[in-house]
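Student: Have a look; sequence and predicted model below, questions after that.
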Amino acid sequence: MISPEQKMDLLVSLCKRRGFIYPDSEIYGGFANAWDYGPYGIELKNNIRDAWWQRFVHEREDIVGVDTPIIQHPKVWEASGHLQNFSDPLVECKKCHHRFRADHLLEAKQAEPGYDKERPVDLKDLRCPKCGGEFTDVKMFQQMLKTSVGVTEDTSAIAYLRPEAAGGMFTAWKNVRDSMRKKIPFGIAQLGKVFRNEITPGNFIFRTREFELMEIEYFIHPDQADQVFEMWLKEQKAWVKEILQIKSDHVVFRDLDEKERAFYSKRSIDTEYLGPFGQKEFQGLANRTDWDLSRQQEFSGEDLRWLDQEKKERFLPHVIEPTWGLTRTLLFVLIEHLDIDEADTSEEGEKEPRMVLRLPPRLAPVKAAILPLQKKDGLSELGQTITQTLRKSGFTVEYDEGGSIGKRYRRQDEIGTPFCFTVDYQTKEDKTVTVRDRDSMSQERIQIVELADWLKNHINS
Ligand SMILES: [Zn+2]
């Protein structure tokens, strides 16, 4: 059996070896909590992102998209409460001066085997994980990353990198309300990079300083809150099942109790994945009431209410907010679909794990690989022609003529390519190729002229 730690190690090395995710700034010894997405990583990330935009923006009448800046007016974060409240308890080792999140250390201590769960952890119990040294007292530490805009570095020029995508949707609310002919309930969607000054190293790409969120602020009449909350919970469950194809017993939809929720939230449900490093959140759903709009209204002095023309009623909309962590989703999709078979042997006769990424075809970075059996006798040219035709039809495909056919299949299995098209001598005679299915390993022959349609049907099924 492969342990969860081994599986994580294998995934991290596969991601580097096959061009999904690399340690950032590696030539300088790396940079804490920073990673590069390689050629296949960016394709996978874009595919998840595009599937989300397609499903929640393009396929719906009641949602529109926006794209607001990463650096907004600092007042936005004053109104949202981030400037005052978005900070973490920090301790510093007196010996080696490494800094840690006190809450993370306490959580880890509580989870240690044999630790008395009833007894609250005292900060005095904690020792530095690096050197065993004692800690200083807790200091609060602002999680928003600060920058300065303009030519001088005085305090009037201080701005922040957004810690969430929501802020921009609340400031854009007035213009969307006035320019789009939508009726409440309707939502605004935004996705993109957000920034938090994380100091705790975080399980591969799980916790990083910059990461990507996909968020919807869904504006409603307060009477609709419960019904709309349920609708979004259903949508989030369907997304996990149909698009990510994560098994239902690997996911928990957890109702947060009052202590865990933001003080303005009436109800919150986190979607948590049961992964190799514990049960971890990657989606969230919250009833934020009218907290955000009332605060932005107060700080800006603008009237942000909605006018219901029919009922002649003016009210401040409440908000239901479903959030998806794009980069965390990518990590859990990789973990979920990485299939490791340790019984297989390599060509050199050594035992080594055989890895297959059984990604849903729609999310796979490469949809099909075109592999000529030989370079000679015109098979190469035939394969290249098929490749070009499929590329022009909009498919991400790969052409590979190097090495044995078995090795080429193995490589495609490791990057999650669902189909391989093999060009052989029969191709020259009857204009067909062999299709090899990654998961069933079945083989069938298909006419070259039908390949594009065949691929389209099989990616979306
Ligand atoms: Zn230390």
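Tutor: Ah, there it is. Remember, it's a predicted structure, so these values are computed and weren't measured experimentally.

Student: Can you list phi and psi of Lys428 for me?
Tutor: Lys428 has phi and psi values of phi -70, psi -30 when expressed as degrees, to the nearest 10.

Student: What sits closest to it if chain neighbours are left out?
Tutor: Counting by Cβ to Cβ, 6 or more residues apart in numbering, Lys428 lies nearest to Gly378, which is 6.6 Å off, once chain neighbours are set aside. C-betas here are computed from N, CA, C, even on glycine.

Student: what about the residue lying closest to Cys93 once chain neighbours are set aside, neighbour count?
Tutor: In this structure, Cys93 finds its nearest non-sequential neighbour in Cys128, 3.9 Å apart by Cβ to Cβ, 6+ apart. Residues near Cys128, counting by other Cβ atoms under 10 Å, number 20.

Student: Please settle this for me: is Cys128 part of a strand?
Tutor: No. Counting by DSSP: H, G, I helix; E, B strand; the rest coil, Cys128 is located in no strand; its state is coil.

Student: Return the residues in contact with it.
Tutor: Residues in contact with Cys128 (Cβ atoms under 8 Å, 6 or more residues apart in numbering) are Cys93, Lys95, Cys96, His98, Phe100, Glu134, Phe135.

Student: check contacts around the closest residue to the fourth one other than its chain neighbours.
Tutor: Of all residues beyond its chain neighbours, the one nearest His98 is Lys130 (5.0 Å), with distances taken as Cβ to Cβ, 6+ apart. Applying Cβ under 8 Å, 6+ apart to Lys130 gives the contacts Cys93, Cys96, His98.

Student: The ion next: which of those are close?
Tutor: When contact is defined as Cβ under 5 Å from the ion, the contacts of Lys130 meet the ion at Cys93, Cys96.

Student: out of the contacts of Lys130, which one sits closest to Leu274?
Tutor: Proximity of the contacts of Lys130 to Leu274 (Cβ to Cβ) peaks at His98, which lies at 30.2 Å.

Student: What values do phi and psi take at the residue nearest to Cys93?
Tutor: According to degrees, to the nearest 10, Cys128 has phi -60, psi 130.

Student: low-confidence ranges in the stretch 251-400 of the chain?
Tutor: The model of the stretch 251-400 of the chain has pLDDT under 70 over residues 342-352.

Student: which stretches of it form strands?
Tutor: Ranges of strands in the stretch 251-400 of the chain, per DSSP state E, counting those that start in this stretch, are 251-255, 267-275, 278-289, 306-308, 313-315, 318-325, 338-341, 354-357, 368-372, 397-399.

Student: Can I get these in a markdown table including mean neighbour count and distance to Leu44?
Tutor: Putting the strands of the stretch 251-400 of the chain into a markdown table (neighbours: other Cβ atoms under 10 Å; distance: least, Cβ to Cβ, whole Å) gives the following:
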| stretch | mean neighbour count | distance to Leu44 |
| --- | --- | --- |
| strand 251-255 | 15 | 19 |
| strand 267-275 | 20 | 16 |
| strand 278-289 | 20 | 15 |
| strand 306-308 | 14 | 39 |
| strand 313-315 | 12 | 42 |
| strand 318-325 | 24 | 15 |
| strand 338-341 | 14 | 12 |
| strand 354-357 | 20 | 9 |
| strand 368-372 | 26 | 16 |
| strand 397-399 | 20 | 14 |
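
Student: right, and the ones you listed - which one's nearest Lys241?
Tutor: Of all those, the one in closest proximity to Lys241, counting by Cβ to Cβ, is strand 251-255 (8.7 Å).

Student: What is the closest one packed up against?
Tutor: For strand 251-255, the elements it packs on are helix 225-238, strand 267-275, judged by 3 or more Cβ pairs under 8 Å, 6 or more residues apart in numbering; DSSP states H and E.

Student: Run a quick neighbour tally on the nearest residue to Asp24 once chain neighbours are set aside.
Tutor: Closest residue to Asp24 apart from its sequence neighbours, by Cβ to Cβ, 6+ apart: Ala34 at 3.8 Å. Residue neighbour count, defined by other Cβ under 10 Å, stands at 13 for Ala34.

Student: ditto for the one 5 residues further on
Tutor: Close neighbours of Pro39, defined as other Cβ under 10 Å, add up to 12.

Student: who touches it in this structure?
Tutor: Pro39 makes contacts with Gly19, Pro365, as judged by Cβ under 8 Å, 6+ apart.

Student: what about 10 Å?
Tutor: Shown in contact with Pro39 (Cβ atoms under 10 Å, 6 or more residues apart in numbering): Arg18, Gly19, Phe20, Pro365, Val366, Ile415.

Student: Considering only these, which also neighbour the ion?
Tutor: Within those, nothing lies near the ion by Cβ under 5 Å from the ion.

Student: now that we have these, which one has the most neighbours?
Tutor: Phe20 (29 neighbours).

Student: Please read off the pLDDT at that residue from the model.
Tutor: On the pLDDT scale, Phe20 is placed at 98.

Student: what number of residues lie near the nearest residue to it once chain neighbours are set aside?
Tutor: Residue nearest to Phe20 in three dimensions, not counting chain neighbours: Gly41, with 4.0 Å by Cβ to Cβ, 6+ apart. Gly41: 22 surrounding residues under other Cβ under 10 Å.

Student: tell me which residues in stretch 188-196 are buried?
Tutor: Buried residues in stretch 188-196, counted by 16 or more other Cβ atoms under 10 Å: Ile188, Ala189, Gln190, Leu191, Gly192, Val194, Phe195, Arg196.

Student: residue ranges for the strands of the stretch 51-200 of the chain, please.
Tutor: Along the stretch 51-200 of the chain, the segments classed as strands by DSSP E, counting those that start in this stretch run 63-65, 87-92, 99-101, 139-142, 146-148, 158-160, 186-195.

Student: got the residues of the stretch 51-200 of the chain near the ion?
Tutor: By Cβ under 5 Å from the ion, the part of the stretch 51-200 of the chain that sits against the ion consists of Cys93, Lys95, Cys96, Cys128, Lys130, Cys131, Gly133.
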